[in-house]
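Asker: Got a sequence here, can you model it:
(2 chains)
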Amino acid sequence: MSDKPDNNFNGPGDFIDLLERSGYSWPSAIQGLTTIDKASVLQGTTVLAFHFKDGVIVAGDRRATAGSAIMYERCDKVIPIDDYSLMAIAGVPATAFEMARILSHNFEYYRRSQLQPLSTEGKIRALSKLLKDNIGLAMQGVGAVSPIFVTYDTKEAKPYIYFYDLLGAQFEIQTHTATGSGSPVIRGILEYENLWGSKTLAERNLKGAAQLAIRLLQTAAQFDSATGQARPEDKIYPIIASITEKGYRFMPEDELAALFLESTKRK
Amino acid sequence: MFDEPFRWMEAISTRHSYVQAKLKKGQPVLAVPYQGGALMMGFTAQPGKIFELYDRIALGSLGHPADVERLRMTLLDMAHLEGFNRSEKDVTIARLLQFGIAPAIKQNFEEVMRAPYLVKLLFAEIDFDNQAAFFRLNYDGHSEMFKKGAVISGNDKESEWIQKQIEQTDFASLSLEKALIEACHLWEEGKKQGAPESEDDEDPPVGLAEAFDQWTLEAAVLSTETERKALYRRVTPDEIESLKTAAK
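Answerer: Model prediction:
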């Protein structure tokens, strides 16, 4: 509680500034380390997002791998950032979770301190900045993250999907996107469904969109060992979330179990 | 000047009088439990009395806006750093007060050559078992905890009366609508109870109808019914409109 106003920061309401002033710093590239045994780093995923009738659906499998080893089957790869934003992560979980925690605190800190929510552009830029600060670790192969960021702009009453590359470049997605090791398997299907399916993706209701997401993730898991199949007997299902004008909503397990059963039966 | 203990005590006493006189017209803010969480409300001529502090913590205030703002920002910084570095579950009002700002405010108050904080703060919290707790922080760093609700006001007579009524009312069993109506009635009656006996040199107490007409009702809840991580939400204009009719 200094008497002097603190002008030594970029702007009011910036949590990352506050963190840095408290001694936190994003790790830079590790000196002397030029290569890494990537097999020892947790990664491998399929996450996807597409526009549907009421907003955006975001989905992800649950498997975390290190090389060919399956490390964990209940990984939550779709993370709430604030009431109207979700981040789907592909890449190294340690870095991705840290980014999500920073973003979440950053958005909430801004909203509470400035008494207004951060703009959609500001949110999108905040993730880009984190990825840019992570270039050192990304290039060394120990901290690469390729996220999808989804947010609902309450002023415009419009949802947005952004895809990011490892270096922080952001791309607004009009229809659908997917990232992670299993994504090449399903990107073609998404495009096909959008162009020649019974309805375009944007015309589908929540149930139809969630069904497609479940089927896509099962398909990705069929071809990509780093993408986990659902295991209903162990109550392991993909994460299915939606963002609409009411904010984000994660599909609860009982609803998901019923929908999974229905979605994986041949018509 | 302060080498004699009496001088220092006199200075502190003068300081109390000074701050109390400055806060005298501070309008009450009430925080009470209700069926679905905790409610905080107060009428104000200038909006800026009730704020969201963290996922499960609301802040009410009265006093000089610049001092309120400085303390609010300090609390926000502390809460968010703690929540980030440790966990959301480690962010509690008790810790923020006891190990955070209460000692600093006390020190500030007793350093008589520095300007004191002209504030009173009120806090509501819902813990992870969905139990509500309420705290009050005085301008001299003294803090208190309440289970059934709490009030701050610039007028001690007014706040003592309202506090007594809060203790005697079963707010926790009321719906949000009924808790708001009851809080509004306590606010109005508290203004009457706190009014000076001679009305020669003071304005008459403000009634509820006048308050609705001329001031802004700020009200917010920490709702245990939400699925969101952050429980705080403002009471909506629609809810306030229906309250206006019901509270009359």
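
Asker: tell me how far the ends of stretch B:222-242 are from each other?
Answerer: Terminal residues of stretch B:222-242 lie 20 Å apart, using C-alpha to C-alpha, to the nearest Å.

Asker: Point out the residues in chain B that sit beside chain A.
Answerer: Within chain B, the positions lying close to chain A (C-beta under 8 Å from any C-beta of the partner chain) are B:51-55, B:70-71, B:73-74, B:76-77, B:80-81, B:83-84, B:101, B:104, B:108, B:227-230. Every C-beta, even on glycine, is put in place using the N, C-alpha and C of the backbone.

Asker: so where's the chain shaky on pLDDT?
Answerer: Chain wasn't specified; assuming chain A. Where chain A drops to pLDDT under 70, the residues are A:1-10, A:30-43.

Asker: wrong one, chain B
Answerer: B:1-2, B:198-205, B:248.

Asker: one more time with 90, if that's ok
Answerer: B:1-9, B:45-47, B:112-113, B:194-210, B:213, B:227-228, B:242-248 (pLDDT under 90).

Asker: Please list all residues in contact with B:S223.
Answerer: Residues in contact with B:S223 (C-beta atoms under 8 Å, 6 or more residues apart in numbering or on different chains) are B:36-37, B:231, B:233.

Asker: how about 10 Å then?
Answerer: B:34, B:36-39, B:126, B:176, B:230-233 (C-beta atoms under 10 Å, 6 or more residues apart in numbering or on different chains).

Asker: Return the set of residues that bridge with the residue most central in space within chain B.
Answerer: Chain B has B:L122 as the residue nearest its centroid, 2.9 Å off, counting by C-alpha atoms, centre = their mean. B:L122 forms beta bridges with B:G60, B:R136, as assigned by DSSP bridges.

Asker: was I right about it contacting B:L59?
Answerer: Yes: between B:L122 and B:L59 a contact is recorded at 7.3 Å, counting by C-beta atoms under 10 Å.

Asker: tell me, what's touching the two both at once?
Answerer: Joint contacts of B:L122 and B:L59 (C-beta under 10 Å, 6+ apart) are B:29, B:31, B:40, B:49-50, B:135, B:137.

Asker: Return the subset of those lying in strands.
Answerer: B:29, B:31, B:40, B:50, B:135, B:137 (DSSP state E).

Asker: Against chain A, how distant is the fourth one?
Answerer: Distance from B:I50 to chain A, counting by C-beta to the nearest C-beta, to the nearest Å: 11 Å.

Asker: what are the bridge partners for that residue, then?
Answerer: B:G60.

Asker: residue contacts, it?
Answerer: Going by C-beta under 10 Å, 6+ apart, B:I50 touches B:29, B:31, B:40-42, B:44, B:58-61, B:122, B:124, B:218-220, B:232, B:234-235.

Asker: Of those residues, which qualify as buried by neighbour count?
Answerer: B:29, B:31, B:40-42, B:44, B:58-61, B:122, B:124, B:218-220, B:232, B:235 (16 or more other C-beta atoms under 10 Å in any protein chain shown).

Asker: just the strands in chain B please.
Answerer: B:29-34, B:37-44, B:50-54, B:57-63, B:119-126, B:132-137, B:143-146, B:150-152, B:216-223, B:232-234.

Asker: Could you pull out the helices in chain B for me?
Answerer: Assigned by DSSP state H, chain B shows helices spanning B:5-23, B:65-85, B:93-96, B:102-110, B:156-168, B:176-194, B:208-214, B:237-247.

Asker: now the stretch 51-200 of chain A
Answerer: Remark: helices assigned in the stretch 51-200 of chain A by DSSP state H, counting those that start in this stretch are A:93-114, A:120-133, A:135-140, A:183-196.

Asker: can you tell which of these is closest to B:R15?
Answerer: Closest to B:R15 of these is helix A:93-114 (C-beta to C-beta; 29.9 Å).

Asker: for the closest one, packing partners?
Answerer: Under the contact definition 3 or more C-beta pairs under 10 Å, 6 or more residues apart in numbering or on different chains; DSSP states H and E, helix A:93-114 sits against helix A:15-21, strand A:42-43, strand A:78-82, strand A:85-88, helix A:120-133, helix A:135-140, strand B:50-54, helix B:65-85.

Asker: same thing but at 8 Å, please
Answerer: If you count contacts as 3 or more C-beta pairs under 8 Å, 6 or more residues apart in numbering or on different chains; DSSP states H and E, helix A:93-114 packs onto helix A:15-21, strand A:42-43, strand A:78-82, strand A:85-88, helix A:120-133, strand B:50-54, helix B:65-85.

Asker: how about that helix as CSV, C-alpha atoms only?
Answerer: Extracted C-alpha coordinates of helix A:93-114, given in CSV (Å, rounded to 0.1, in the frame of the first residue of the first chain):
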residue,chain,number,x,y,z
PRO,A,93,0.2,-30.0,-20.6
ALA,A,94,2.6,-28.4,-18.1
THR,A,95,2.9,-25.3,-20.2
ALA,A,96,-0.7,-25.4,-21.4
PHE,A,97,-2.2,-25.6,-17.9
GLU,A,98,0.1,-22.8,-16.7
MET,A,99,-1.1,-20.6,-19.6
ALA,A,100,-4.7,-21.4,-18.8
ARG,A,101,-4.2,-20.5,-15.2
ILE,A,102,-2.5,-17.2,-16.1
LEU,A,103,-5.2,-16.4,-18.6
SER,A,104,-8.0,-17.2,-16.2
HIS,A,105,-6.5,-15.0,-13.5
ASN,A,106,-5.7,-12.3,-16.1
PHE,A,107,-9.2,-12.0,-17.4
GLU,A,108,-10.9,-12.2,-14.0
TYR,A,109,-8.4,-9.7,-12.5
TYR,A,110,-9.0,-7.3,-15.3
ARG,A,111,-12.8,-7.6,-15.0
ARG,A,112,-12.8,-7.2,-11.2
SER,A,113,-10.2,-4.4,-11.1
GLN,A,114,-11.4,-2.4,-14.1
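
Asker: Could I get the full set of strands for the stretch 151-267 of chain A?
Answerer: For the stretch 151-267 of chain A, the strands defined by DSSP state E, counting those that start in this stretch cover A:158-164, A:170-173, A:176-179, A:239-244, A:247-250.

Asker: Out of those, which is closest to chain B?
Answerer: Nearest of these to chain B, taken as C-beta to the nearest C-beta: strand A:247-250 at 7.2 Å.

Asker: who does that closest one pair up with?
Answerer: strand A:239-244 (antiparallel).

Asker: Now do the strand it pairs with: distance to the chain's middle.
Answerer: Its chain's average C-alpha position is 11 Å from that of strand A:239-244, according to C-alpha atoms, centre = their mean, to the nearest Å.

Asker: same check, this time on stretch B:24-39
Answerer: Worked out by C-alpha atoms, centre = their mean, stretch B:24-39 lies 7 Å from the chain centre.

Asker: For B:I12, see how far away B:Y18 is.
Answerer: As judged by C-beta to C-beta, to the nearest Å, B:Y18 and B:I12 stand 10 Å apart.

Asker: When the two are compared, which one has more neighbours?
Answerer: B:I12 (15 against 12; other C-beta atoms under 10 Å in any protein chain shown).

Asker: The more buried one contacts B:V112, doesn't it?
Answerer: Yes: using C-beta atoms under 8 Å, B:I12 is in contact with B:V112, at 6.7 Å.

Asker: need the residues of chain A near chain B, please.
Answerer: Residues of chain A lying near chain B (C-beta under 8 Å from any C-beta): A:1, A:15, A:18-19, A:22, A:80, A:83, A:101-102, A:105, A:108-109, A:112-113, A:115, A:247, A:249.

Asker: Setting aside sequence neighbours, what's the nearest residue to the most centrally placed residue in chain A?
Answerer: For chain A, the residue nearest the mean C-alpha position is A:A88 (1.2 Å; C-alpha atoms, centre = their mean). Distance criterion C-beta to C-beta, 6 or more residues apart in numbering or on different chains; nearest residue to A:A88, sequence neighbours excluded, is A:V47 at 3.8 Å.
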